[in-house]
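In: No letters, just coordinates:
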């Protein structure tokens with residue numbers, strides 16, 4: 001961190017000159033980027049900002065207006081301050097015009113009452129600046145080494161946050177775009193207190209830059225994302241302005257988190273890896289021709305051409321404290337699923353889709369009906385895998401080109417069913433409606449961005465003023481936009497309710513009589529409920 005004017009005045013070489021602040025005493029925390037000695041009056045065009053100017057004033061004009069212009073020009077270019085040595089041009093005090101102009105413009109103005117070699121001042125200040133820069137460079141190298149190692153090891157977010165907290169000594173949190181906390185390292189603080197009212201507090205902090213410090217909250221915030229797609233924010237809590245090292249620490253940690261999300265992998269057998277690669281290739285259109293996927297599948301003993309295809313997604317339903325380690329558990333579930341397929345004489349591609357889901361691409365043999373085959377497969381898997389799971393099926397399709405759609409359906413069904421399983425053997429898409437779909441997409445940054453765009457102004461208004469207009473909007477939309485019914489449900493008189501609707505329209509800048517606008521707001525409210533429900 002660069003030294004301040006106060007730091008410069010505390011140096012022994014400056015104290016020998018008996019410094020006295022005559023203007024801008026409230027700006028002594030201004031940073032000093034460099035020290036520049038100059039006697040000419042038109043020095044401003046030689047400066048770049050942040051310089052502390054030293055002068056004896058011998059070449060400055062006598063005209064008070066020109067002296068005031070000199071101060072004004074220094075202020076305009078962003079000079080950190082001005083130090084004038086008395087005894088040559090100005091004997092006892094500076095002219096009133098100089099002091100008045102500096103005070104009005106907020107430019108720190110200091111006089112040295114004793115003669116002092118300027119070279120000693122410049123040497124001591126510059127040495128301090130260089131030492132600070134070297135210290136920051138060493139710190140940056142240390143952080144680079146630490147986070148490079150974390151990236152190579154594929155450290156999970158919790159481990160990354162633990163390192164950030166250790167290096168900074170501050171609490172650190174990772175949240176998604178819906179302001180829901182994904183991970184937290186409290187640095188010894190009470191986590192309950194730290195997270196209390198988090199969403200409301202977080203919404204109130206919206207820096208314009210990717211990395212910025214918010215003095216009101218004491219938060220250092222940096223965006224987390226990769227490939228141009230942000231998906232969260234990393235937040236460090238401070239009771240003082242962060243140092244440049246703190247900023248580097250936050251940004252390096254955010255990069256590690258983004259990279260880790262791209263590189264997440266789990267251990268599995270070579271067969272599962274091969275199957276998973278083929279499934280992923282089909283889902284991501286990695287194969288230029290579906291025949292390439294079919295050829296690869298045939299190479300591992302799974303014929304796909306000339307058969308009806310059904311996609312399955314299997315998810316364990318046990319919580320983390322009940323189940324085995326997540327990676328090991330998913331690997332074992334994949335092996336059990338492959339064994340169940342073999343036992344039922346159903347050749348299939350079986351591989352992990354991510355750290356929570358097993359994907360199955362099942363080509364149905366001729367004259368085999370989907371429902372009996374899937375029920376038998378689920379029953380057999382239940383005998384091999386003794387922990388609870390859900391098996392979700394997509395639509396039966398006739399071509400590899402439609403497999404991606406079938407898998408998307410199965411993923412949606414599985415993600416909803418795993419939270420409210422009812423014991424059925426196979427779960428299907430007709431079980432879902434709009435709320436379920438939004439719940440499935442709750443981690444999608446695009447849905448979070450949509451909800452924030454639609455409701456951000458309203459949520460911020462309620463958070464800042466302790467209002468309930470969000471509830472009023474929900475009541476109005478749930479009542480089918482029937483104002484009389486909505487007023488009754490809100491326990492308000494009609495005039496009072498109509499007044500709140502007008503306030504809603506002003507805040508949201510929309511027409512609540514417009515069907516499409518209300519539909520967008522209603523979807524955003526349902527999405528918001530899914531974000532909050534998942535964070536309980």
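Out: Cool, got the structure. Given the structure is predicted, the values throughout are model-derived calculations rather than measurements.

In: need the longest helix for this structure.
Out: helix 118-153 (DSSP state H).

In: Which neighbouring elements make contact with that helix?
Out: Helices and strands touching helix 118-153, by 3 or more Cβ pairs under 8 Å, 6 or more residues apart in numbering; DSSP states H and E, are helix 5-9, helix 12-15, strand 34-37, strand 51-55, helix 157-168, helix 244-263. Any C-beta I mention is one placed from the backbone N, CA and C, and that applies to glycine too.

In: Tell me the buried residues in the fifth one?
Out: Neighbour-count burial for helix 157-168, with 16 or more other Cβ atoms under 10 Å as criterion, is recorded at 157, 159-165, 167-168.

In: min pLDDT across those residues, which one?
Out: The lowest pLDDT within the buried residues of helix 157-168 belongs to residue 157, which sits at 84.

In: can you pull the contacts of the nearest residue to that one once chain neighbours are set aside?
Out: Using Cβ to Cβ, 6 or more residues apart in numbering and skipping the chain neighbours, the partner closest in space to residue 157 is residue 183 (4.5 Å). Residue 183 is in contact with 157-158, 161, 173-174, counting by Cβ atoms under 8 Å, 6 or more residues apart in numbering.

In: Most widely separated two among the residues you listed?
Out: 158 and 173 (11.5 Å; Cβ to Cβ).

In: Identify the residues contacting the nearest residue to residue 167 once chain neighbours are set aside.
Out: Excluding the flanking residues, the one nearest residue 167 by Cβ to Cβ, 6+ apart is residue 249, at 5.8 Å. Contact analysis of residue 249 by Cβ under 8 Å, 6+ apart lists 143, 164, 167-168, 236.

In: Check the residues you listed and tell me the two furthest apart.
Out: Within the contacts of residue 249, 143 and 236 form the most distant pair, 13.4 Å apart (Cβ to Cβ).

In: More neighbours: which of those two?
Out: Shown here are residue 143 and residue 236; by other Cβ atoms under 10 Å, residue 236 has more neighbours (27 against 19).

In: in the strand or helix carrying that one, what counts as buried?
Out: Per DSSP states H and E, residue 236 falls inside strand 229-237. Applying a neighbour-count criterion of 16+ other Cβ under 10 Å, one finds 230-237 buried in strand 229-237.

In: and these as CSV, adding pLDDT and distance to residue 194?
Out: Below are these laid out as CSV (pLDDT from 0 to 100; distance: Cβ to Cβ, whole Å):
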residue, pLDDT, distance to residue 194
230, 87, 23
231, 86, 22
232, 89, 17
233, 94, 15
234, 95, 15
235, 96, 11
236, 96, 12
237, 96, 8
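
In: Relative to residue 394, which of these is nearest.
Out: residue 231 (25.8 Å).

In: OK, contacts around the closest one?
Out: Counting by Cβ under 8 Å, 6+ apart, residue 231 touches 176-177, 224-225, 261, 445.

In: Pass me the low-pLDDT residue ranges in the stretch 101-250 of the chain, would you?
Out: 227-228 (pLDDT under 70).

In: Would you confirm that residue 293 contacts residue 304?
Out: Yes. Between residue 293 and residue 304 there is a contact under Cβ atoms under 8 Å: 7.2 Å.

In: Mind listing the shared neighbours of those two?
Out: Joint contacts of residue 293 and residue 304 (Cβ under 8 Å, 6+ apart) are residue 400.

In: low pLDDT regions in this protein?
Out: Using pLDDT under 70, the chain drops low at 1, 227-228, 262-270, 318-328, 420, 431-432, 436, 440, 533-536.

In: can you list the domains in it?
Out: 5-127, 154-263, 270-431, 445-534 (automatic domain parsing).

In: Which residue ranges of the stretch 301-450 of the chain form helices?
Out: Applying DSSP state H, counting those that start in this stretch to the stretch 301-450 of the chain gives helices spanning 326-343, 370-384, 403-417, 434-440, 445-465.

In: Rebuild the ones you listed as JSON lines, extending it with distance to residue 515.
Out: Below are those laid out as JSON lines (distance: least, Cβ to Cβ, whole Å):
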{"stretch": "helix 326-343", "distance to residue 515": "45"}
{"stretch": "helix 370-384", "distance to residue 515": "39"}
{"stretch": "helix 403-417", "distance to residue 515": "27"}
{"stretch": "helix 434-440", "distance to residue 515": "16"}
{"stretch": "helix 445-465", "distance to residue 515": "15"}
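
In: Pick the most buried one from those helices.
Out: Neighbour counts (mean count of other Cβ atoms under 10 Å) averaged over each of the helices of the stretch 301-450 of the chain peak at helix 403-417, with a mean of 21.

In: Does that one pack against any helices or strands, and if so which?
Out: Short answer (3+ Cβ pairs under 8 Å, 6+ apart): helix 403-417 packs on helix 270-283, strand 308-316, strand 358-364, strand 389-397, strand 427-428, helix 434-440.

In: what's the closest of these to residue 415?
Out: helix 434-440 (4.7 Å).

In: next one: that closest one to chain centre, how far?
Out: 23 Å (Cα atoms, centre = their mean, to the nearest Å).

In: how close does the residue nearest in space to the middle of the chain get to residue 4?
Out: The centroid of the chain falls nearest to residue 233 when counting by Cα atoms, centre = their mean (1.8 Å). To residue 4, residue 233 is 30 Å away according to Cβ to Cβ, to the nearest Å.

In: How about the contacts made by residue 20?
Out: 110-111, 113.

In: Please give me every residue in contact with residue 57.
Out: Taking Cβ under 8 Å, 6+ apart, we find residue 57 in contact with 39, 84-85, 88-90.

In: List the contacts of residue 406.
Out: Contacts of residue 406 by Cβ under 8 Å, 6+ apart are 309-311, 394-397.

In: Next, format the residues you listed as CSV and append neighbour count and distance to residue 337.
Out: Below are those laid out as CSV (neighbours: other Cβ atoms under 10 Å; distance: Cβ to Cβ, whole Å):
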residue, neighbour count, distance to residue 337
309, 23, 17
310, 23, 14
311, 28, 13
394, 26, 16
395, 16, 20
396, 17, 19
397, 18, 20
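
In: Which single one of these is nearest to residue 150?
Out: For the contacts of residue 406, the nearest to residue 150 is residue 311 (35.3 Å; Cβ to Cβ).

In: That closest one touches residue 358, doesn't it?
Out: No. Counting by Cβ under 8 Å, residue 358 is not a contact partner of residue 311; they are 11.5 Å apart.

In: before we move on, back to that, how far off helix 244-263 does the longest helix of the chain point, in degrees?
Out: 20 degrees (axes from the mean of the first three to the mean of the last three Cα atoms, to 10 degrees).

In: how far off helix 157-168 does helix 118-153 point, in degrees?
Out: 160 degrees.

In: can you state the direction angle for helix 118-153 and strand 51-55?
Out: 170 degrees.

In: Now helix 118-153: buried residues?
Out: Buried residues in helix 118-153, counted by 16+ other Cβ under 10 Å: 118, 121-122, 124-125, 128-129, 136, 139, 143, 146-147, 150-151.

In: What residues of stretch 306-318 count as buried?
Out: Quick answer for stretch 306-318 (16+ other Cβ under 10 Å): 307-316.

In: typo on my end, it should be stretch 70-77
Out: Neighbour-count burial for stretch 70-77 flags 70-71, 73-75 (criterion: 16+ other Cβ under 10 Å).

In: What residues does residue 291 make contact with?
Out: residue 305.

In: Return the distance of stretch 194-213 from the chain's centre.
Out: Distance, centroid of stretch 194-213 to centroid of chain: 10 Å (Cα atoms, centre = their mean).

In: buried ones in that stretch?
Out: Result for stretch 194-213 [16+ other Cβ under 10 Å]: buried residues 194, 198-199, 202-203, 205, 211, 213.

In: pretty sure residue 526 contacts residue 438?
Out: Yes. If you go by Cβ under 8 Å, residue 526 and residue 438 touch, sitting 5.1 Å apart.

In: Who wins on neighbours among the contacts of residue 57?
Out: The contacts of residue 57, ranked by neighbours (other Cβ under 10 Å): first place residue 85, 23 neighbours.

In: what's across from it in the sheet?
Out: Note on residue 85: beta-bridge partners residue 112, judged by DSSP bridges.
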